[in-house]
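# Fold the following for me, if possible:
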Amino acid sequence: PEITPEDEISQTPQIFTSVILLLTGIISARLGLWVADLSVQQVFQEAVEQGNRGTICGVQNGLQSAMDLLKFVLVVSLPNANTFGILIILSFLFVATGGVFFFLYCIKTLKNNQDGTKMENLEEQI
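Now for the predicted structure:
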């Protein structure tokens, strides 16, 4: 069947909707990444002594570069469309692992803060 100009015009809003949704998703993801990066930097500056920040920052940058390289190696080694699902699953697993590590850090910090509060209360009673 031949597509007439009227058919093409009627399909245009659907195309714009898809593009708008794609751009909205990309912008939202970038905004979330930016906010998360600011949060990590604040926690980093509050939790790490000034003398150790350079060392820890260097290790963090090295790990980020290594993971970036791993991403490129995976994309080059799995270029076919039928292996794209593997890349999606690996991406999800890496992000979920990072979330688990952050959750464990939060629990550890919360426990340390509660223990510190209990110790301060004991010192006040003595």
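# Please enumerate the strands of the chain.
Using DSSP state E, the strands of the chain do not appear at all; there are none.
# ok, now how distant is the nearest residue to T109 once chain neighbours are set aside from C106?
Using C-beta to C-beta, 6 or more residues apart in numbering and skipping residues adjacent in sequence, the residue nearest T109 is A47, 8.0 Å away. From N, CA and C alone the C-beta is placed, and that goes for glycine too. As for A47, its distance to C106 is 12 Å (criterion: C-beta to C-beta, to the nearest Å).
# Same question for L78.
As judged by C-beta to C-beta, L78 and C106 stand 34 Å apart.
# the more surrounded of these two?
The residue with more neighbours, out of L78 and C106, is L78; 14 against 11, by other C-beta atoms under 10 Å.
# Got phi/psi on that one?
When read as degrees, to the nearest 10, the backbone of L78 gives phi -130, psi 70.
# what's the neighbour count on V43?
The number of residues packed near V43 is 14, by other C-beta under 10 Å.
# Please apply the same query to L74.
15.
# ok, and the closest non-adjacent residue to it?
L74 sits nearest to L87 (C-beta to C-beta, 6+ apart), 6.2 Å away.
# Next, find the distance separating the one you found from G25.
Noted for L87: a distance of 18 Å to G25, by C-beta to C-beta.
# of those two, who's got more company?
L87 (15 against 10).
# ok now do that one, which residues does it touch?
L74, V75, L78 (C-beta atoms under 8 Å, 6 or more residues apart in numbering).
# pLDDT wise, what is it at?
L87 is assigned a predicted lDDT (pLDDT) of 89.
# gap between N80 and F72?
For N80, the distance to F72 - C-beta to C-beta - is 16 Å.
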